[in-house]
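Q: build me a structure from this.
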Amino acid sequence: VVHRAREHNLKNIDVEIPRDKLTVITGMSGSGKSTLAFDIVFNEGQRRYLESLNAYARQFVQPAARPDVDAISGIPPTVAIEQRTSRGGRKSTVATMTEIYHFLRLLFVKLGEQYCPDCGIPISAQSIEAIAAQLLKRHRGKTVALHAPLVVDRKGYYTDLAKWAANKGFATLRVDGEALPTGEWPRLDRFQEHTIDLPVGTIAVEATNESELVALLRRAVDFGSGVVKVGRISGAREELFSTQRACPSCQRSFPELDPRMFSYNSKHGWCPECFGTGEIIPGFDEEQTGEERSWRGAEEEAEPCTLCEGQRLKPESLSVWFKDYTIADFAAMSITEAARKLGALRLGERERAIARDSLVELASRLAFLEEVGLSYLSLDRAAPTLSGGEAQRIRLAAQLGSNLRGVCYILDEPTIGLHPRDNRMLLDTLARLRAKGNTIVV
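A: As a prediction, the model looks like this:
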């Protein structure tokens, strides 16, 4: 119940909106429809929810001001699904907005088969003796330092890790390229990603001490979970060697698969030419997120990236295959096609057990997008190219999957831009939201 609302154009209006029903607010332009729905009902519902949080939580989200109204009673928590002109940055896609891409990444980490991007053949395990042979070939007569990677670009203080290294007899750890004492461990920046390596030892690479080299390599890969970094004392450049993941042809080693490797919002995954946008945009570099307003209208200037061919990821990420597809192949599919392909996958018993949770999440999200009439969109469709109605229906699909009840959903002209045959589909979706025990205001 809204009593004596005076916000904007409203003149002491009294309104009763039934709970658990679908209510349509209609009227001519400027009559106050949006004022009632968003500035009063939504803002007050959100404000009251935020006011119920403790002071610590409220410091991160500033509640809206109280609307100009005498009283509002019986209001539930509110969710607004608006048609916004700002629909996301240059690195947002349909797949990332719906979290479909997150589950695709997990699928590729768990079941993807990595190929060498240069040779096109599957990578496989290699022996420590084979790594020693490569070092003798490349660095004979030079002194090299061996480091075991312990932490790769992760946030934290790592005090316990320093204590562990000290107990093992290591006086220093290399943190972001700098040697730090394990005995007097400094306070690391908790919010910065750190790379920490264990200095296992140095050795002159000679045929006469090959057995010592093999022993040192074995110690390093034991500490580094199968991976060792090797670099000459006189040079800054290091090579990575893996006993688990190497190309049988060129002997190039690869790090273990990581979800960040398939993200075009991460330096671990994005194409080094376009930084994850799929386009060469003048002035855009790794410091930009793509969310900045200045990049949203830059498509008069952008050109397709020739390195990744618009697929946004680095060559190593595009060389991981799952059932004859790369992750970019899946992203290029329409929602209908992706649902059909994922539903038709033939998996062994082990693969089914590993992929089950991810496939269930993918199937439900794709189904919700089809239910709101977006089956024609490709998963890699860039967020800034979506219409306001499309972006709104993507958010609506996300709410369908949330399974919340007792919520008041407020939508802004949800049928705008829809073909009449899709109106029934949208109304059915709203009816399903209402049937879950929610209030709908349109």
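Q: touching, residue 429 and residue 369? I think so.
A: No. Under the contact definition of Cβ atoms under 8 Å, residue 429 does not touch residue 369, with a separation of 10.7 Å. Heads up, the C-betas are built off the backbone N, CA and C, glycines and all.
Q: of the two, which one has the most company?
A: The residue with more neighbours, out of residue 429 and residue 369, is residue 369; 27 against 20, by other Cβ atoms under 10 Å.
Q: that one: what secondary structure?
A: Using DSSP: H, G, I helix; E, B strand; the rest coil as the criterion, the local structure at residue 369 reads helix.
Q: list the contacts of it.
A: 94, 98, 335, 375, 377, 394, 397 (Cβ atoms under 8 Å, 6 or more residues apart in numbering).
Q: pLDDT weak spots in the chain?
A: Scanning the chain for pLDDT under 70 picks out the ranges 83-88, 235-236, 288, 290-299, 417.
Q: quick one: the helices in it?
A: With DSSP state H as the criterion, the chain has helices at 33-34, 43-51, 55-58, 94-97, 100-111, 128-139, 159-167, 210-223, 293-296, 327-331, 335-343, 349-371, 388-400, 420-435.
Q: save those as JSON lines, and put in distance to residue 24 too.
A: Formatted as JSON lines, the entries for the helices of the chain read as follows, by distance: least, Cβ to Cβ, whole Å:
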{"stretch": "helix 33-34", "distance to residue 24": "10"}
{"stretch": "helix 43-51", "distance to residue 24": "18"}
{"stretch": "helix 55-58", "distance to residue 24": "34"}
{"stretch": "helix 94-97", "distance to residue 24": "27"}
{"stretch": "helix 100-111", "distance to residue 24": "31"}
{"stretch": "helix 128-139", "distance to residue 24": "69"}
{"stretch": "helix 159-167", "distance to residue 24": "59"}
{"stretch": "helix 210-223", "distance to residue 24": "65"}
{"stretch": "helix 293-296", "distance to residue 24": "33"}
{"stretch": "helix 327-331", "distance to residue 24": "37"}
{"stretch": "helix 335-343", "distance to residue 24": "28"}
{"stretch": "helix 349-371", "distance to residue 24": "21"}
{"stretch": "helix 388-400", "distance to residue 24": "16"}
{"stretch": "helix 420-435", "distance to residue 24": "10"}
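Q: out of the ones you listed, which is closest to residue 189?
A: helix 159-167 (13.3 Å; Cβ to Cβ).
Q: angle of the closest one against helix 210-223?
A: Using axes from the mean of the first three to the mean of the last three Cα atoms, to 10 degrees, the inter-axis angle of helix 159-167 relative to helix 210-223 is 150 degrees.
Q: buried set for helix 159-167?
A: Of the residues in helix 159-167, those with enough neighbours to count as buried (16 or more other Cβ atoms under 10 Å) are 161, 162, 165, 166.
Q: relative to residue 223, which of those is nearest.
A: Using Cβ to Cβ, residue 165 is the member of the buried residues of helix 159-167 that lies nearest residue 223, at 9.5 Å.
Q: OK, contacts around the closest residue to that closest one other than its chain neighbours?
A: On the basis of Cβ to Cβ, 6 or more residues apart in numbering, the spatially nearest residue to residue 165 that is not a chain neighbour turns out to be residue 182, at 4.7 Å. Residue 182 makes contact with 162, 163, 165, 166, 170, 171, 172, 173, according to Cβ under 8 Å, 6+ apart.
Q: and residue 426, how many neighbours?
A: 19.
Q: please shift the residue numbers so they start at 31 in all later answers.
A: Got it, the first residue is 31 from now on, which makes the last one we talked about residue 456.
Q: from residue 403, how far out is it?
A: 6 Å (Cβ to Cβ, to the nearest Å).
Q: what do you get for residue 107?
A: When distances are taken as Cβ to Cβ, residue 107 and residue 403 turn out to be 27 Å apart.
Q: more neighbours, those two?
A: residue 403 (23 against 13).
Q: where does that one sit relative to residue 279, distance-wise?
A: The spacing between residue 403 and residue 279, counted by Cβ to Cβ, is 48 Å.
Q: same check on residue 254?
A: Distance, residue 254 to residue 279, using Cβ to Cβ: 24 Å.
Q: neighbour count winner among those two?
A: More neighbours sit around residue 254 than around the other of residue 254 and residue 279, counting by other Cβ under 10 Å; the figures are 22 against 12.
Q: hmm, the more buried one is touching residue 228, no?
A: Yes. At 7.3 Å, residue 254 counts as touching residue 228 under the criterion of Cβ under 8 Å.
Q: ok, back up a step: in JSON lines: the buried residues of helix 189-197, plus distance to residue 284.
A: Written out in JSON lines, the entries for these read as follows (distance: Cβ to Cβ, whole Å):
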{"residue": "191", "distance to residue 284": "24"}
{"residue": "192", "distance to residue 284": "28"}
{"residue": "195", "distance to residue 284": "26"}
{"residue": "196", "distance to residue 284": "31"}
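Q: all strands of the stretch 81-230 of the chain, in order?
A: In chain order, the stretch 81-230 of the chain shows strands spanning 99-102, 108-111, 143-144, 173-185, 202-205, 208-211, 223-234, with DSSP state E, counting those that start in this stretch as the criterion.
Q: mind listing what's buried in the second one?
A: Residues of strand 108-111 classed as buried: 108, 109, 110, 111 (neighbour count, 16+ other Cβ under 10 Å).
Q: list the contacts of the second one.
A: Spelled out, it's residue 109. Residues 429, 437, 438, 439, 440 are the ones in contact with residue 109 under the rule Cβ under 8 Å, 6+ apart.
Q: what subset of these is buried?
A: Neighbour counting over the contacts of residue 109 (16+ other Cβ under 10 Å) leaves 429, 437, 438, 439, 440 as the buried ones.
Q: from these, which land in strands?
A: When the buried ones among the contacts of residue 109 are checked against strands using DSSP state E, the ones located there are 438, 439, 440.
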